[in-house]
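Colleague: Okay, sequence plus prediction incoming.
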Amino acid sequence: MVDYHFGIEIEVRVEPHKIRPPLSEKHALYYEKLAAALRNRGLKAKADDLTGAYHKHPEHYDKWYVTKDGSLGNPQDLIPMEAVSPVLSCRLNWEDEIDLFWAAMRAVFHMPERSPRCGSHIHMSRGLGKTFTLSQLKSIAYGIVIYEPLVVSLLMSNRVNNKYCKLNTVDSSRLRHCGSNSRAVARLIKSATDTGMLRDIMQDSRYVLWNFDNIVPGRSGTIEFRGGRCLRGEVRTKRWIAFTIAIVHAFLSMDDIKHPDRFSITSWSPEGLYEAVKKSARQLSVRNLLPNDYEVLNETMREDD
């Protein structure tokens, strides 16, 4: 089975079971409470003590890291935070790690608020210590652009036109010039001679649906999907991880940049793309995590779970 490695950033605004007011001054305390609950369940975890300036902490990618995120605001009666997972492998039993995370969350906090401020971001790489080749990145990038109108149909409505995950074709001035011309898109993406040039083609800022900021030398080598829903439990966390891994695998498998005059999916429709996603999910042994219908994924049709 193909191996991919990934990490997830889970944004929440939550009320603690035991409140020590004023909550607005106790963020670090509750970050540590969650980290302790994670450690009590056998997971490695560290909390941000908020004594320094905010920045990413690559040294913590082997553990859960509980920190702040400025986009979540500073509510008086809730704790805003971002929980960053360790690097996980789709070949290993990563689902148990997600289950234990939410068990720890429930031990310290009530159910997270349904907040449009919150989302989830999934970083994906080719494998531990491996990066996607430039050719693979171009194939993924082309799939992202060409299938973007269909991908939008698979997302939660509050993640569409969200300022923190703008469509790449809207944000990128270079992609905008291509319009819907698939040959022009293919020529533009193929013209990238290095990862920095490809990143600049795909976006003007990092607040895009598919963020390529980390593919450049000296960074993590991951592609970041920023369109995940506000997560409030293990079922949908695993669902959106499976979706992200499967759709990237589908883009690579279809490799449509080689034939920009036709599409690999059975029909140009959300259903057609979702069938390709489910096929890839089956190949990666995560098909059981995805619903049969994409309208359950994006919750225009609800199910009890």
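Modeller: Alright, I've got the coordinates. Numbering: from 1, shown residues only.

Colleague: Low-confidence regions, the stretch 201-305 of the chain specifically.
Modeller: 302-305 (pLDDT under 70).

Colleague: And the strands in it?
Modeller: Counting by DSSP state E, counting those that start in this stretch, the stretch 201-305 of the chain has strands at residues 210-211, 223-228.

Colleague: between those, which one is nearest to Ile247?
Modeller: strand 223-228 (8.2 Å; C-beta to C-beta). In this view, the C-beta of every residue, glycine as well, is placed from N, C-alpha and C.

Colleague: Kindly report the domain assignment for this protein.
Modeller: The chain breaks down into these domains under automatic domain parsing: 5-118, 134-209+234-297.

Colleague: export these to a markdown table and tack on distance to Ile223 and mean neighbour count?
Modeller: Below are the domains of the chain laid out as a markdown table (distance: least, C-beta to C-beta, whole Å; neighbours: other C-beta atoms under 10 Å):
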| stretch | distance to Ile223 | mean neighbour count |
| --- | --- | --- |
| domain 5-118 | 10 | 17 |
| domain 134-209+234-297 | 7 | 18 |
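
Colleague: Save the ones you listed as JSON lines, and put in distance to Gly127 too.
Modeller: Conversion of the domains of the chain to JSON lines gives the following (distance: least, C-beta to C-beta, whole Å):
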{"stretch": "domain 5-118", "distance to Gly127": "6"}
{"stretch": "domain 134-209+234-297", "distance to Gly127": "12"}
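
Colleague: and stretch 174-185, how far apart are its ends?
Modeller: End-to-end distance of stretch 174-185: 9 Å, with C-alpha to C-alpha, to the nearest Å as the criterion.

Colleague: Am I right that His121 is in contact with Phe225?
Modeller: Yes. His121 is within contact range of Phe225, at 6.9 Å (criterion: C-beta atoms under 8 Å).

Colleague: The two - which one has more neighbours?
Modeller: More crowded of His121 and Phe225, by other C-beta atoms under 10 Å: Phe225, with 26 against 21.

Colleague: wait, doesn't Lys63 sit right on Lys46?
Modeller: Yes. Assessed by C-beta under 8 Å, Lys63 is found in contact with Lys46 at 5.7 Å.

Colleague: still on that earlier bit, rank the domains of the chain by pLDDT, which is bottom?
Modeller: Lowest mean pLDDT of the domains of the chain: domain 5-118, a mean of 93.

Colleague: Quick one: end-to-end length of it, please.
Modeller: Calculated as C-alpha to C-alpha, the first-to-last residue distance of domain 5-118 is 23 Å.

Colleague: same check, this time on stretch 259-269
Modeller: Using C-alpha to C-alpha, one end of stretch 259-269 lies 19 Å from the other.

Colleague: Likewise for stretch 213-221?
Modeller: One end of stretch 213-221 to the other measures 9 Å (C-alpha to C-alpha).
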